[in-house]
Structure formats: structure tokens, C-alpha cells
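K.L.:
Sequence plus the predicted model coming up.
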Amino acid sequence: MYCPPRAWNLRLLSPYRPSLSPVRSEAWDALKEDFESESIRLESVAECYCRGGEFILICNRDRFGLAFSAKLCRKCGLILTDPCLAEKDMPLYYSRHYHPIVFGRLPQKSAGLFGSHQGRLVFERVWAHDPAIIKYKARVLEIGAGMGNVLNEFGESAREKGLDPSLMGTEYSPECLAAIQEQGITAVEGGCPEVLAISGEPFDIIILSHVLEHVTDLDGFMAGLQRLASPKTLLYVEVPGILTLHAKPEYYFDFRKYFIHAHSAHYNFKTLQYHLGRFGWSCLAGDEIAHGLFQQAPEMHSPSPRDELVEGLADQVLFYLANMEATFESNSKVAERLYAAEHGRRSQTERADKLAEQNTGLSKQKNELEAKGKAELAKQKCQLEAKGKAELAKQKCELEAKGQAELAKQKCELEAKGQAELAKQKCQLEAKGKAELAKQKGEFLNSISWRLTAPLRAVGRLFKPQ
């Protein structure tokens, strides 16, 4: 067995409290308060996932100076964080503390957690292995989808190949869930149990991008994952490979600057294969970074599968870390230069990506404004046409009503005039008739009187004196 130099990790075990940004410092205090009040509980780690109980202490503070230890399992070579966050309190931790303390900011829609093009790289690795795996309507699930960047880019790459996958992502943070939904992706608050509650069919592809290292109850998590998969399901797993710290100048070749309390386990490629193999997942492809493609292989499922895979691995990990610590002083200076150069390159790339994103945004805004303008014009046209038709109908009704009223008025006037004329004529005729009757009566009476007095007149003439 490898025996590292005595006190090789003395620096890693010394008191440590780094300077933190205002956002991180505030989050650090809030997290400690939740630890002390047991709103977020911590659980001691007595044994490894492999049931090994013998450990080597590597470090006793994480990168933020919090009292979390990193210890190496002698049996399988996996590094565990002790204590770990209680599984039941994970939703509170990830919704309240994870982003401000780890990334120094709240979740942002435009900020991917692992850089741009991560989703395209995931698609390309799957496609390169076997294009037939990605069906036209493939069901794709990402556990711990962050802001949805990986799924969104995966979907874009698939559509460029003429495919139309169904995408779903899980998260705890409300900001992350909102960002996922804004990209047209189905968002589920929680993890495997919540997905299982709404999805009856197994998924074709499941993505665990920087998620497995956060899992504390590996047995429970994998059991839930198993119920979402079928024998044909492809599992893509990506974790920060512990044996590639020398290729990551952002950590200054310092294990403590890498070590974080949110990671319950710290894998290398072999420990990743070993522990997924315990649940029947066979590695199809992968590397030490560590990326891996896995598919279920029931014949592998046993209490201690492929023990030879991790035989002597703890010594290799210990040698790697001790050697990195021994050259820390010189390597940290190199790391500063490398990181500065890498940071400058990334800044240029980020600026180019941001400019491209802005141009895309402007083009999108232009298209949206044009579409909105056309829709508004069409709406106004429809409104004017409808208003014109309504006005014409109203005028027609008014004219018809006015005409009918005028006709009724004229009819009434004519009827009244006719009745008055008739009454006048009647009166005139009656008066004329009465006058005529009176005249005729007078004439008749005069005639009768003349005739009746005729004999008297004759007698009078006879006796008239001569």
C-alpha cells in the first residue's frame, strides 16, 4: 500500500477562512444560521456507498472555510464529504443557498452553470456513440437541469438533425424552474419521485450533468432512477473527475479550492463505473474528466460488482493528491498564469457569445415587432371593418326607423286631414241639405197656402164692390 510523505496534507488540515465576496459572505452567514437552527441538518458519514468503513482524512475545510471534511474510502477510492447534507433538506438548501454561495449570484436566465455549448457536447457524445439511440420523438429527462441551458441546446442540436425530442427537466429553485419553462421545456419541481408521479413511460435518455456528486443517498436515488428507465435507456453522467485537477487551473492545483460541501462524493472514472455498476449500469464509453455513457446490464447487478476495477484505486488517488500537494507552491504560480490566459480566452469567447446572443435577440425582437405590427394592423383592419359594418347597419336601422316614423306621421296627418275634410264636407252637406229642405219646405208651404186661399180670393173678387 502506498504511504505518502508524513503530514503531506498539513496545509489542507490547517485553519482556513477565505475572503468572500459580499454575496457569498451573506450566503455563508445565512447557511451557518440554518445549520445551527437545524433547518438544514447535517448527517455524519460512517461508511462509504460500497459499505467500506475505513477512511483517510484528506482535508477538514471546504473552499469557503466551512467545517466539512473530505475523506478517502480505502476500499473503493471514492472521496466522501463528512458530514453531508440531509437528503430531506436538499430542497431548502438548493432553493435558498446553493447559487449565492457557490456561484456568488442568484440564478440568472442568461447564465449557464457549466458554460455555453454544454448541451451540444452532450448531444454530440450521445450521437457519436450511436445515432440510432436518439429516436425522432425521444423522451429526454435531465435531473437537476439548472437554468435549462443543457436541455435547450440538446434540443436545438437534435432539431438540426431533423429530430423532435420531448424535453423535461427537474429543479428545486423557483428561478431555475421559471427559466426552464420559458424555454418551452417541461419543468418539474423536485427529483425522480416527482417525475415518476406524472410520467408513466420510461425515458429514452436521462442526463445527470454534474448531479451525481450532489447525491447523498445513492441507493435511494438510483432506485428512483431505475423506475424511470428501461433496458434501452441511455444514461449520460458527468461529474468533476478528481484525477483531472491538474488540468483545471481555475482551482490553482489546490484540492481545497476544488472541495465544496455541496458535493457529497468526489468521483474519478473508475469509482463512477464501479458505483453505477452496483445498480446494473454498464459503461459504454467515457473518460477521466469524467464523462460516461451507461446502459443497463442486469447481469452486472450484484452486491460487489467488478471489485478488481477499484483494487488499489485508493492508493492511486492518494498518490495523485499527495503529489499535487507537494508541487503546490510552484504549480499555483503556473496556475495563476494559465488561469489568467484561460480567463482572457473565455472572456473573449463569452463576449463573442454574448454579442451573438444580442444579435440573435435583436433579430428575434425585430421579428417579434414585425409580427406584432402585422397582427396589430390586421387587428385594426378587422376592427375598422367591423366598426364600418356596425355603423352602416346602425345608419340603415336609423334610416329605416326614421322612414317608418315619417310614413306613420304622414299617414296619421293624412288620416287626420281626411277625417277633418270629411267632417267639413259632411257639415257643409248637412247645412246645405238643411237649407235646401228649409227652402223647399217654405216653397211647399207657400204653394199649399196659395192653393188653400184660392177659393177665398175668388169669393172676395165676387163681393168686391164695383
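P.N.:
Received it, and whenever you're ready, just let me know what you need.

K.L.:
quick one: contacts for the residue nearest the centre of the chain?
P.N.:
Central residue of the chain (C-alpha atoms, centre = their mean): Q181, 1.0 Å from the mean position. Contacts for Q181 (C-beta atoms under 8 Å, 6 or more residues apart in numbering) come out as A187. For the C-beta atoms, the positions are set from N, CA and C on the backbone; glycine is no exception.

K.L.:
how about it, secondary structure?
P.N.:
Secondary structure assignment for Q181 (DSSP: H, G, I helix; E, B strand; the rest coil): helix.

K.L.:
Ramachandran coordinates for P202?
P.N.:
phi -70, psi 160 (degrees, to the nearest 10).

K.L.:
burial count for it?
P.N.:
16 (other C-beta atoms under 10 Å).

K.L.:
Give me the pLDDT value at the residue nearest to it when sequence neighbours are not counted.
P.N.:
Of all residues not flanking P202 in the chain, S230 sits nearest, at 3.9 Å (C-beta to C-beta, 6 or more residues apart in numbering). With respect to pLDDT, S230 has a value of 93.

K.L.:
Ok, N323 next?
P.N.:
So, for N323, pLDDT stands at 88.

K.L.:
Can you list the buried residues in the helix or strand containing it?
P.N.:
N323 belongs to helix 313-326 when assigned by DSSP states H and E. Within helix 313-326, the residues that count as buried by 16 or more other C-beta atoms under 10 Å are 313-315, 317-318, 320-322, 324-325.

K.L.:
Now do it: everything it contacts.
P.N.:
By C-beta under 8 Å, 6+ apart, helix 313-326 touches 1-2, 4-5, 8-9, 11-12, 56, 58, 72-77, 79, 242-243, 245-246, 253, 255, 268, 270-271, 331.

K.L.:
Just these: which are in strands?
P.N.:
Among those, the residues falling in strands (DSSP state E) are 56, 58, 72-73, 79.

K.L.:
Show me the two of those residues that sit farthest apart.
P.N.:
Pairwise distances among the ones in strands among the contacts of helix 313-326 were taken by C-beta to C-beta; the largest, 11.0 Å, belongs to I58 and C73.

K.L.:
Quickly list what's touching both of the two.
P.N.:
Contacts common to I58 and C73, judged by C-beta under 8 Å, 6+ apart, are I79.

K.L.:
Where in the protein is the helix or strand with the lowest mean pLDDT?
P.N.:
One helix or strand of the chain scores below all others by mean pLDDT, DSSP states H and E: helix 328-462, with a mean of 81.

K.L.:
Give me the angle between it and helix 313-326.
P.N.:
100 degrees (axes from the mean of the first three to the mean of the last three C-alpha atoms, to 10 degrees).

K.L.:
gap between helix 328-462 and the chain center?
P.N.:
How far helix 328-462 lies from its chain's middle: 51 Å, per C-alpha atoms, centre = their mean, to the nearest Å.

K.L.:
With stretch 151-165 instead?
P.N.:
17 Å.

K.L.:
which other residues reach that stretch?
P.N.:
With C-beta under 8 Å, 6+ apart, stretch 151-165 has contacts from 116-120, 122-124, 127, 131, 134-140, 142, 145, 167, 169, 180, 183, 185, 205, 207.

K.L.:
Keep only those of the residues you listed that are in helices.
P.N.:
Among those, the subset assigned to helices under DSSP state H consists of 118-120, 122-124, 127, 180.

K.L.:
Those, buried ones only, as a ChimeraX selection?
P.N.:
To isolate the buried members of the ones in helices among the contacts of stretch 151-165 in ChimeraX, using 16+ other C-beta under 10 Å:
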select :118,119,122,123,127,180
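
K.L.:
Save the ones in helices among the contacts of stretch 151-165 as CSV, and put in pLDDT too.
P.N.:
Compiled in CSV, the ones in helices among the contacts of stretch 151-165 are given as follows (pLDDT from 0 to 100):
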residue, pLDDT
Q118, 88
G119, 93
R120, 94
V122, 94
F123, 95
E124, 94
W127, 92
I180, 95
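
K.L.:
Just put the ones in helices among the contacts of stretch 151-165 in CSV and tack on distance to A371.
P.N.:
What follows is the ones in helices among the contacts of stretch 151-165, written out as CSV (distance: C-beta to C-beta, whole Å):
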residue, distance to A371
Q118, 31
G119, 27
R120, 28
V122, 32
F123, 29
E124, 33
W127, 33
I180, 25
